[in-house]
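Chemist: using only what follows, build the 3D model:
(chains A and B)
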Amino acid sequence: MTRLFYDLRVRAILYQVLAVAFVASVAWYLAANVSQKLAEQNIVTGFGFLSREAGFVISPSFIDYKPTDSFARALLTGILNTIFVSALAVVFATILGLIVGVARLSGNPLLRALAFVYVEALRNVPLLLYLFLWYGLIVNLLPPVREAIELMPHVFVSNSGVTIPAMNWTPSHTKVLLALMAGVVLAMTVRRRMVAQRVSTGVERRMWPWVLLALLGPALVALLLFRPEITIEYPEKGRFRLAGGAHLKPEFTALLLGLTLSASAGIAETVRSGILSVGRGQWDATKSLGLDRGMALRLVVLPQALRVIIPPLTSAYLSLFKNSSLATAIGYPDLVLVTNTTMNQTGQAVEGIAIMMLVYLSISITISLFMNWYNARVALKER
Amino acid sequence: MSQTELMATAPPPRPGFFQRSVQPLFGTPLNAVITIVCLWLFWIVAKAAWGWAVTRAVAEGGGAICRAGSGICLPFLAAKARFMIFGVYPYDEHWRPALAMLVFFVAIGVSMIPRFWGRWLLAVWAFALVAGMVLIAGGAFGLRPIPTTQWSGLPLSFILTAVGLALGFPLGVVLALARASKLPAIRVIAVFFIEVIRGVPLISILFMATVMLPLFMPTGVTVDKLLRAQVAIIIFAGAYIAEAVRGGLQAIPRGQYEAAASLGLHYWQAMRLIVLPPALKIVIPPLVNISIGFFQDTTLVTIIGLLDFLSTVRTAMLDPEWVGAAVLEGYLFAATIYLVFSYGMGAYSRYLERRLRTGFD
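Modeler: This next block holds a predicted model:
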């Protein structure tokens, strides 16, 4: 009997059984308590509430949503709001982060100092504080709509947000956009094919006309086929309000600004360490080839730095996406805020939390899978 | 001439003043443009800051005068500084959280000196945490008990951070060991826990703690609101610390594990005596960065209605007397304090990274 107890394999199984039993019993205990509590409070569990009428307003919403729609549609609106603001912030933050990251290593000491201050000021102060600050500044310090400031031609800022020119969007516009996206894929395929051909045959052929044709061709065909009317609506300054154009509410503006700036600081640091990870010899080699700094960066250093940059960039994107949940604090109707309202109205706390966590988890996993796939593509292939 | 003589006669030319200071600024046309744009930016910001903080500063008066003026509202800071720092903690007992913070700072200061790293630091921290808690909570040594609903301001932010990290650390180490375990069932449990927590935002865990924790408890047991937030932060910290520690575990060469096994040490002995000490040393810089992140993340408890530092600052700004008068002042005050602590810890983390690197390579 004691021999059996000291057998390593028996022990391994024993430990695992104990661990699983412990986790299962804790889960069972908690679940039992929850169901007892819910029974006491007369709350019916289940997802039936999703088809009931939501009855609250969500503004802004990027799909057609009315208060008479169901809770399911309200939650979908919240999810899309979260995704929309995160996606926009990812694009802006990447561009800004790349610029600041390169500026951190500039030969010019003033620019270097400026980039350093930018990064440290953003990284060392909580994002939530910045969100409150931007929101507070927009609402308190900007003039009312009547005296809206024209920041750029046709771009107005006031204490009720930003108003920008907008294009009237119709289904045929969507078709053209889809054709353009197809063109991007086509152009990449054509380019890869032609590069492969050049490598295998050694014959130099002019590439760019074909790539350009592949890129713009489908969109041009779609443009001629559907003939979408391009009318841009400019905001007009009326007596009391701005008419026309697209209106970005202060909550949305503050959130987009806050997320973009804070993520760009993180991305800048990532870019900087990525560039630093490329050996000095590579820089020296570019100089001896007569490349200028910009070309050296674009052709030699950044492609190599990309390998180092991608994994931390993935976590920067993931945390930006998760940080978009701070929207709740300034009242932008993201997934958390909509779920919270739903929970308050229906009392379905368990279901609400479960939906919220599942949605965040699945989007997070999707982002990491995509970035892992991309990372595997750019990673050094060691054979 | 011999080769050594040749080499000795050609010292590299030392760059002159011009090359060192003017060349980088105005060496190329692009650099000159960048320099001028930067100087112009500095000038604009400095002029605006000077005007706001000095020439247009409102030195005395109430909210109405500040709202009318366009400079810094000094009376607001003077009147509200103490409230912003200590919140709704009873006014005549403010010395208690102040002393608790002092103990906390001394503990941090001592732990920052590598020469003092050792087991007795655990005792220092245990003492600091207990002493701080006793000071703030009261109920012993003749101190008046203060309910948790009145714990607020900067001390609350520090409590949430310190307790979260102090309890999240052992949780994180256990999770990291479980994730590196050879036993599949234990590994799966750890991976599931860590990835779920890391895949969702802290807000959702805080909401879960506030909404679900009361449901999890048996009937009749109530959980304090502060405790709920604290539990959420501990769990969250545990998952992130686990990932940092895992990196340290992976950096330990296989030979160390094999050496421990050949000495006949069993699993816990091997971990405690051989693997964990160097592994934890490697992960100190990332752990410091995680601590900075958590100090900033404690602001999120504002959303579930706890009065942390950011929340007391906002409350001060919403005082009817001062509302709309000090938007920038309040947030700048808070931002400065967060900046000082976070930047200080970050600089320390970078110093450690350099020190540890030279120590090992």
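Chemist: which stretches of the stretch 151-300 of chain A form helices?
Modeler: Along the stretch 151-300 of chain A, counting by DSSP state H, counting those that start in this stretch, helices occupy A:171-201, A:208-226, A:250-277, A:280-288, A:293-295.
Chemist: got the angle between the longest one and helix A:208-226?
Modeler: It refers to helix A:171-201. 160 degrees (axes from the mean of the first three to the mean of the last three C-alpha atoms, to 10 degrees).
Chemist: in helix A:171-201, what's buried?
Modeler: For helix A:171-201, the neighbour count (16 or more other C-beta atoms under 10 Å in any protein chain shown) marks A:173, A:175-176, A:179-180, A:182-183, A:186-187, A:190-191, A:194 as buried. For glycine as for every other residue, the C-beta is placed from the backbone atoms N, C-alpha and C.
Chemist: looking at the helices of the stretch 151-300 of chain A, which is closest to A:Gln345?
Modeler: helix A:250-277 (20.6 Å; C-beta to C-beta).
Chemist: show me what the closest one is packed against.
Modeler: The contact analysis (3 or more C-beta pairs under 8 Å, 6 or more residues apart in numbering or on different chains; DSSP states H and E) places helix A:250-277 against helix A:71-103, helix A:109-123, helix A:127-141, strand A:161-164, helix A:302-323, helix A:327-330.
Chemist: pull the last one out as PDB, backbone CA atoms only.
Modeler: Which is helix A:327-330. Taking Å, rounded to 0.1, in the frame of the first residue of the first chain, the C-alpha atoms of helix A:327-330 are listed here in PDB:
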ATOM      1  CA  ALA A 327     -16.200  54.100 -22.100                       C
ATOM      2  CA  THR A 328     -18.700  53.300 -19.400                       C
ATOM      3  CA  ALA A 329     -17.300  55.900 -17.100                       C
ATOM      4  CA  ILE A 330     -18.000  58.800 -19.500                       C
END
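Chemist: who touches that helix?
Modeler: A:81-82, A:85, A:128, A:131-132, A:135, A:251, A:254-255, A:333-334, A:336-337, A:340, B:203, B:302-303 (C-beta atoms under 8 Å, 6 or more residues apart in numbering or on different chains).
Chemist: now the very next helix or strand once past it, how far from the centre of its chain.
Modeler: Where DSSP states H and E defines the elements, the next helix or strand beyond helix A:327-330 is helix A:335-346. Helix A:335-346 has its C-alpha centroid displaced from the chain centroid by 22 Å (C-alpha atoms, centre = their mean, to the nearest Å).
Chemist: looking at the helices of the stretch 151-300 of chain A, which is closest to A:Arg52?
Modeler: helix A:250-277 (26.5 Å).
Chemist: go through the closest one and flag the buried ones.
Modeler: By neighbour count on 16+ other C-beta under 10 Å, the buried set for helix A:250-277 is A:250-272, A:274-275.
Chemist: and the angle from that helix to helix A:109-123?
Modeler: Going by the same axes, to 10 degrees, helix A:250-277 makes 130 degrees with helix A:109-123.
Chemist: now the angle between helix A:335-346 and helix A:250-277, please.
Modeler: Interaxial angle of helix A:250-277 relative to helix A:335-346 (the same axes, to 10 degrees): 140 degrees.
Chemist: between helix A:280-288 and helix A:250-277, find me the angle.
Modeler: 90 degrees.
Chemist: give me every residue in the stretch 51-200 of chain A lying close to chain B.
Modeler: Within reach of chain B by C-beta under 8 Å from any C-beta of the partner chain, the stretch 51-200 of chain A has these residues: A:106-111, A:114, A:120-121, A:123-129, A:132-133, A:136-137, A:140-141.
Chemist: filter the residues you listed down to the buried ones.
Modeler: Counted by 16+ other C-beta under 10 Å, those give A:106, A:108, A:110-111, A:114, A:120, A:123-129, A:132-133, A:136-137, A:140 as buried.
Chemist: so where's the chain uncertain?
Modeler: You didn't pick a chain, so chain A it is. A:1-2, A:238-244, A:379-383 (pLDDT under 70).
Chemist: um, chain B though
Modeler: Short version for chain B, where the test is pLDDT under 70: B:1-13, B:15, B:18-19, B:357-361.
Chemist: break down it into its strands, ranges please.
Modeler: Using DSSP state E, chain B contains no strands.
Chemist: which bits of the stretch 51-200 of chain B sit near chain A?
Modeler: So the stretch 51-200 of chain B meets chain A at B:182-186, B:189, B:196, B:198-200 (C-beta under 8 Å from any C-beta).
Chemist: skipping adjacent residues, who's closest to B:Cys73 in space?
Modeler: Leaving aside its sequence neighbours, B:Cys73 sits nearest to B:Cys66 (C-beta to C-beta, 6 or more residues apart in numbering or on different chains; 3.7 Å).
Chemist: residue contacts, that neighbour?
Modeler: B:58, B:73, B:75-76, B:322, B:325-326.
Chemist: one more time with 7 Å, if that's ok
Modeler: Applying C-beta atoms under 7 Å, 6 or more residues apart in numbering or on different chains, we find B:Cys66 in contact with B:58, B:73, B:75-76, B:325-326.
Chemist: residue numbers of the stretch 251-361 of chain B in contact with chain A?
Modeler: Residues of the stretch 251-361 of chain B lying close to chain A by C-beta under 7 Å from any C-beta of the partner chain are B:296, B:299-300, B:302-303, B:310, B:314, B:324, B:327, B:331, B:334-335, B:338-339, B:342-343, B:346.
Chemist: of those, just the buried ones, ChimeraX syntax please.
Modeler: Buried members of those, defined by 16+ other C-beta under 10 Å, are picked up in ChimeraX with:
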select /B:296,299,300,302,303,310,314,327,331,334,335,338,339,342,343,346
